[in-house]
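> Pasted the sequence and its predicted model underneath.
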Amino acid sequence: MQIYLVGGAVRDKLLGLDVVDHDHVVVGATPEQMLAKGYKEVGKDFPVFLHPKTGEEYALARTERKSGKGYKGFSVDFSSDITLEQDLIRRDLTINAMAQDEQGNLIDPHNGQQDLHDKILRHVSPAFAEDPLRVLRVARFAARFAHLGFIVADETFALMQELSYGDELKHLTPERVWAETEKALASESPQVYFDVLHQCGALAVLMPEMDCLWGIPNPEKWHPEIDTGIHTLMVIEQAAKKTTDLRVRFAAAVHDLGKGATPRDQLPQHRGHEESGVPIIKKLCKRLKIPKVYEQLATQVSRYHLHSHKMFELRPSTVLKMLKGLSAYRNPDFLEAFILTCEADFNGRLGNEDKPYPQGDLLKQSFKVSETIDVQLLIEKGYEGAKLGEAIDRARLKAIKDHLAHKYDSE
């Protein structure tokens, strides 16, 4: 039995990054031998074991042969005579196909170390094209390592296009698509993930609601970058700079989906795109089984982001209606996420990248002054039920009116 450290642990160690997960390949062993040594079997499709002390993953060396559609359409051989080299050649990228033995020696049959040096994401073998999930994985690695200068190799990109224009991507389960997307949203440059998927044709298959934004114009006065797809990438980039909150990053990605439904004879104007985007976002979230916490922020950002941008023009009653619609009084953290997304939308425009967003500050202030009203005092005055709700609204509205009046008078 021989044990090797493999995959991301070797790659990240060579890049000088923190190693989070230590995955191992075991050569020359059977499941029975692993169990006898105290390992716990957890793999569903092939034998993966957890170390009895460290809890790290140890997988038996295996080969895969295409036998059907999708990423599950493989027959797997994990017999004890499978070699390390046979295991490594089935992996996706050369930078993920390196191993390290127990003495620390590097095993690199596919020149992954050179591709690390050259900052290239390159597929290991033609078998890459057998697994459609690898299109998303490469896009995710492109997003993760874009800040280091990594790019996708031309020949690998060609295989990604081939997979995208065939029917393989349609066999990916919603759960796997979202799992890769969520990981990409957590990366250094999530906008690169969506850009790569768009460029290779995969986004049109997996998220057509978003892919159709490329080529749709905006008024140049508000959007010097003009193209809605480009604007969307810029907003995602800004969101990633501002926060690690994945809800904000996702909402940034889908905030303008309503523009994809604008009648062509109305372009470049997009009247009503805020509300028309809500059912489109809900449809996308339902299809990809995206958690409700993402959908809730995304739909509210779509619905109210123009309200936020126009804070200096809004009537106090409209500000109160927006705050209530955002459930700000029940969930202040939600309001904070909303404002961050709107700020990313504002900064995600050519020439606006570093501008302040005073509208967000004014919305926060309006919330704070209206939040501090004395509800107990209203109860003591005899208000209850629906009448209490109305009294609270009147008190909050007056607080907002007074604050805005003072704000404008002082300016």
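Ah, there it is.
> Only C-alpha atoms from now on, for both contacts and neighbour counts.
Noted.
> hang on, residue 366 packs against residue 402?
No - in this structure residue 366 lies outside contact range of residue 402 using Cα atoms under 8 Å: 9.7 Å.
> These two: which has the busier surroundings?
residue 366 (24 against 15; other Cα atoms under 10 Å).
> Just give the closest residue to the more buried one, not the sequence neighbours.
Leaving out its chain neighbours, the residue that sits closest to residue 366 by Cα to Cα, 6 or more residues apart in numbering is residue 400, at 5.5 Å.
> can you pull the contacts of the one you found?
316, 319, 320, 366, 367, 369, 370 (Cα atoms under 8 Å, 6 or more residues apart in numbering).
> which helices and strands sit right next to the helix or strand containing the second one?
Meaning residue 319. Assessed by DSSP states H and E, residue 319 sits inside helix 316-325. The contact analysis (3 or more Cα pairs under 8 Å, 6 or more residues apart in numbering; DSSP states H and E) places helix 316-325 against helix 358-371, helix 385-410.
> Please identify the next secondary structure element, helix or strand, after that helix.
By DSSP H and E, the next helix or strand past helix 316-325 is helix 332-347.
> Strands of this structure, residue ranges please.
Remark: strands assigned in the chain by DSSP state E are 2-6, 23-27, 40-41, 48-50, 57-60, 63-66, 74-77, 99-100, 106-107, 120-121, 151-152.
> Turn the ones you listed into a markdown table, columns for distance to residue 285.
Converted to a markdown table, these look like this (distance: least, Cα to Cα, whole Å):
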| stretch | distance to residue 285 |
| --- | --- |
| strand 2-6 | 35 |
| strand 23-27 | 32 |
| strand 40-41 | 34 |
| strand 48-50 | 32 |
| strand 57-60 | 32 |
| strand 63-66 | 31 |
| strand 74-77 | 29 |
| strand 99-100 | 38 |
| strand 106-107 | 42 |
| strand 120-121 | 30 |
| strand 151-152 | 28 |
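> follow-up on the earlier one: give me the angle between the helix holding residue 319 and helix 358-371.
Orientation check (axes from the mean of the first three to the mean of the last three Cα atoms, to 10 degrees): helix 316-325 against helix 358-371 gives 80 degrees.
> now what about helix 316-325, what contacts it?
By Cα under 8 Å, 6+ apart, helix 316-325 touches 304, 307, 311, 329, 335, 363, 366-367, 396-397, 400-401, 404.
> and it, which residues are buried?
By 16 or more other Cα atoms under 10 Å, the buried positions in helix 316-325 come out as 316, 317, 319, 320, 322, 323.
> Break the protein down into its domains, please.
Following automatic domain parsing, the chain resolves into domains at 1-110, 370-411.
> Of these, which stretch is the most buried?
domain 1-110 (a mean of 17; mean count of other Cα atoms under 10 Å).
> returning to that earlier point: for the strands of the chain, give me a markdown table that also has mean pLDDT and distance to residue 228.
Below are the strands of the chain laid out as a markdown table (pLDDT from 0 to 100; distance: least, Cα to Cα, whole Å):
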| stretch | mean pLDDT | distance to residue 228 |
| --- | --- | --- |
| strand 2-6 | 95 | 41 |
| strand 23-27 | 94 | 41 |
| strand 40-41 | 92 | 48 |
| strand 48-50 | 92 | 45 |
| strand 57-60 | 92 | 43 |
| strand 63-66 | 74 | 39 |
| strand 74-77 | 72 | 39 |
| strand 99-100 | 96 | 43 |
| strand 106-107 | 97 | 46 |
| strand 120-121 | 98 | 28 |
| strand 151-152 | 98 | 24 |
